[in-house]
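1. My questions concern the predicted model and sequence given below.
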Amino acid sequence: MRNEGKFRILSQPEVERIHEEALRVLERTGVYFDCDEALDVLEAAGASVNRATSVVRFPRQLVMDAIKLAPSEIQLHDREGNPSVLLGGDRVHFDPGSSGVRFMESDGVTVRESRAEDLKKIVQVTDALPHIELQSTAVVANDVPKEIADSYRLYIVLSHSKKPIITGAFSVDGLFDMKELLSAVAGGDEALAKKPRAVFDICPSPPLKWTHISARNIMDCAKLGLPMEFVSMPMPGAASPATIAGSVVIHTAETLSGTTLAQLVKPGAAVVWGGAPVVFDMRSGTTPMSAVEATMIGCASTQMGKFYGLPTHTYTCLSDSKCNDAQAGLETAMGAVMGALAGINVISGPGMLDFVGTMSLEKLVIDNEICGLILRLLRGIDVTDDTLATDLIVELGPGGDYLNTKHTRQWFKKEVYIPGPAIDRKDRKTWEAQGFTTSEQRARKVVAEILKQKELEGPCDAKLLLDEAMKAVKKRAGADNLPLGPK
Amino acid sequence: MNELLKRLRNAIVEGDEDQALQATRDALDSGMDPVAIVSDGLAAAMNEIGRLWNEEEIFLPEVVFSAQIFKECMELVEPALLEGKSTEPAAHFVLGTVKGDLHDLGKNMVGTMLQTAGFRVHDLGKDVPAERFVEKVKELGSALVGLSALLTTTMLEQKRVIEALEQAGLRDRVKVLVGGAPVTDSWAREVGADGYAPNAPQATEIAKRLLSQMKEGSN
């Protein structure tokens, strides 16, 4: 793998130092698990468990042995079961931000609670965007009963997309319901385990705590063979030390503890070393996710994940702005460039504004262009006889016209990423003639065109089985009249 | 018959030089009316290129290459055309980068676009003195004239060419377009040009408009 153009924010001795400090935290201080089943497993494996406080202290060797069992790559599959993204190495893939609670309408002003219909649109737009390779259960459907809100989100994504998915359960039972839905589309539990399509986000509660639901989700994902992604979220100065290094220690300790539990339940369980880094704004009490220091935490924790040989994930492609303005573009692009050069395998965030709270379809389209530009950047500069083109330079001489040459026709599309209409590269006159548009206005047009196209036609059998599975979930929860079916 | 022309059109649009030349030869060998080869084959292909360009589906190097293939095919058809009935001659367009300026990329793009639009382009090259423009217009009798300049220092030369055309008594027989990065609408008015375009496709549109004005004027 080429090292040129890679961003490693920590030196190797610094990585090793953080590793040692995290192990020290795990050994001396430990991590809280609100879950008896988890305590049982950890105790049986040799961890020191305090049943009164539910705090588990991890012997160093236990952690190191467990980490070695986790696979370094995870192959995800599309709807037809074909291999899609392969998480690992320094390969970069993008997915829309997850679990927003608000939706920005296409007027760019109106923001309201997100609904099932909004998620369907997000999924349809994402499916059409080439540089966002993964789907996510991007917003919460507030018009769906809370008991099935997690599985219903997945149902919408599975109904309208071909791509692999980043998702997550809201409850212990929810995970099992969601497995049923995935299984229905994949053609059974065995097919799903062999060809996983979705990754389940599981979040520790900073600092150093796992809720009952999270701990059970880890154990159940491991048992069911579902890949999981730990999304640690240290909060400097509030739920972790005010320093970046100290926050990375917390992040590392939390993620190591989750990885260890998963491997003890099922050796070889697929885990992604993830994160949603923030800073804590000491004036407004908010948690900016696109502060440069948040991205620095993300790049550092990614480096830790690579040190352990795991696939990585981090939120670095989003903005805390409240609308699609200059702040939205600059924060999203800046974070995404840093994250991509750091080699984060799953970069989350496209479409998100407002502390991963508000999803905008127009931002999703604009961010797809950011992703396209970045994926081009990551391809680097090809230096070969053909690209150096000295023969051609000699042939054409001073004043040569390169436009009408075979070499240009062969290379121009490969060398330069050609953006969609959200990025304007026209001359001023033409731009004025076409109505003085902003990137948001042009993105709005792209969104409308995508949504106008007919709906995804999937394999009918799979959709029928998916509907049956969703009906069963619905019946168990005693819910009826779901906004987008199944009837 | 139609299959042959379709093959010809596709080859030009897709930039398949060998196939396009072969299809042109096949069409001529089959005894097809050369006027039909031009109108339903070559010109139709360039119309399609224009449409694809306007819809932003193809890119400059592809347009330039298709235009080159078009020109090569035209050269094959021309002898047959001359044997047959005369068709309406295409309008002349004299094009050049003005004296002192060595930039010709934009000028070449304009030339290509004009060709695809059916103009008979006489490209005088770069660093062209005013007299060369005058001579060429005299030779052709009447024409559209396109003056390119990339530099603020050389754009003054555009004015000199227009003055030279006036002094030679040719101003009424030409329509002058100016273009280039520093050129604006108001500069075009200031130097007494008939039109200005910020890019090659618009230059073509304006050229067509000026041409119809010229035709109306002469009627």
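-> Yep, it's here.

2. what's the span of stretch A:425-441 from first residue to last?
-> One end of stretch A:425-441 to the other measures 15 Å (Cα to Cα, to the nearest Å).

3. does chain A sit close to the helix or strand hosting residue B:145?
-> Element membership for residue B:145, per DSSP states H and E: strand B:143-148. No. In terms of Cβ under 8 Å from any Cβ of the partner chain, no part of strand B:143-148 sits within range of chain A; the closest distance is 13.9 Å. C-beta coordinates here come from the backbone N, C-alpha and C atoms, glycine included.

4. ok now that strand, how far from the chain's centre?
-> Taking Cα atoms, centre = their mean, to the nearest Å, one finds the center of strand B:143-148 at 10 Å from the center of the full chain.

5. List the contacts of it.
-> When contacts are taken as Cβ atoms under 8 Å, 6 or more residues apart in numbering or on different chains, the neighbours of strand B:143-148 outside the stretch itself are B:91-98, B:101, B:103-104, B:106-107, B:110, B:114, B:119, B:122, B:133, B:136-137, B:157-158, B:161-162, B:165, B:173-180, B:193, B:203, B:207, B:210-211, B:214.

6. near chain A too, which of those residues?
-> Of the entries in the contacts of strand B:143-148, those that also sit close to chain A under the rule Cβ under 8 Å from any Cβ are residue B:104.

7. longest helix anywhere in chain B?
-> Among the elements of type helix in chain B, defined by DSSP state H, the one spanning the most residues is helix B:60-83.

8. contact partners of it?
-> Residues outside helix B:60-83 that contact it (Cβ under 8 Å, 6+ apart) are A:403-404, A:408-409, A:412, B:8, B:11-13, B:15-17, B:20-21, B:24-25, B:28, B:34-35, B:37-38, B:41-42, B:45-46, B:49, B:53, B:87, B:108-109, B:112-113, B:115-116.

9. Over to stretch B:39-48?
-> Judged by Cβ under 8 Å, 6+ apart, the contacts made with stretch B:39-48 from elsewhere in the structure are B:5, B:8-10, B:12-13, B:23-24, B:27, B:66-67, B:70, B:73-74, B:77, B:116-118.

10. gap between that stretch and the chain center?
-> Going by Cα atoms, centre = their mean, the spacing between the C-alpha centre of stretch B:39-48 and its chain's C-alpha centre is 15 Å.

11. can you check stretch B:148-167 too?
-> With Cα atoms, centre = their mean as the basis, the mean position of stretch B:148-167 lies at 20 Å from the chain mean.

12. Now that stretch: average pLDDT?
-> Average pLDDT, stretch B:148-167: 92.

13. cool, stretch A:359-375 as well?
-> Rounded to a whole number, the mean pLDDT of stretch A:359-375 is 98.

14. Report the contact partners of residue 154.
-> Just going to use chain A. The neighbourhood of residue A:154, defined by Cβ under 8 Å, 6+ apart, consists of A:137, A:165, A:167, A:178, A:181-182, A:198.

15. wrong chain, I was asking about chain B
-> Applying Cβ under 8 Å, 6+ apart, one finds that residue B:154 lies in contact with B:98-101.

16. And residue A:415, by the same measure?
-> Residue A:415 makes contact with residue A:387 under the criterion Cβ under 8 Å, 6+ apart.

17. Let's see the pLDDT reported for it.
-> Predicted confidence (pLDDT) for residue A:415: 96.

18. and what of residue A:455?
-> In this prediction, residue A:455 carries a pLDDT score of 69.

19. With residue A:157 instead?
-> Looking at residue A:157, its pLDDT reads 96.

20. Ok, residue A:2 next?
-> At residue A:2 the predicted local distance difference test score is 59.

21. got it, and the one 10 residues further on?
-> Confidence at residue A:12, expressed as pLDDT, is 97.

22. and the contacts of residue B:154 as CSV, adding pLDDT?
-> As requested, the contacts of residue B:154 are exported to CSV (pLDDT from 0 to 100):
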residue, pLDDT
B:98, 95
B:99, 93
B:100, 89
B:101, 86
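
23. The residue in chain B that chain A sits nearest to sits in which helix or strand?
-> When distances are taken as Cβ to the nearest Cβ, chain B approaches chain A most closely through residue B:198, which lies 3.8 Å from it. Element membership of residue B:198 [criterion: DSSP H and E] is none; it lies in no helix or strand.

24. hey, which helix or strand in chain A has the poorest pLDDT?
-> helix A:428-433 (a mean of 87; mean pLDDT, DSSP states H and E).
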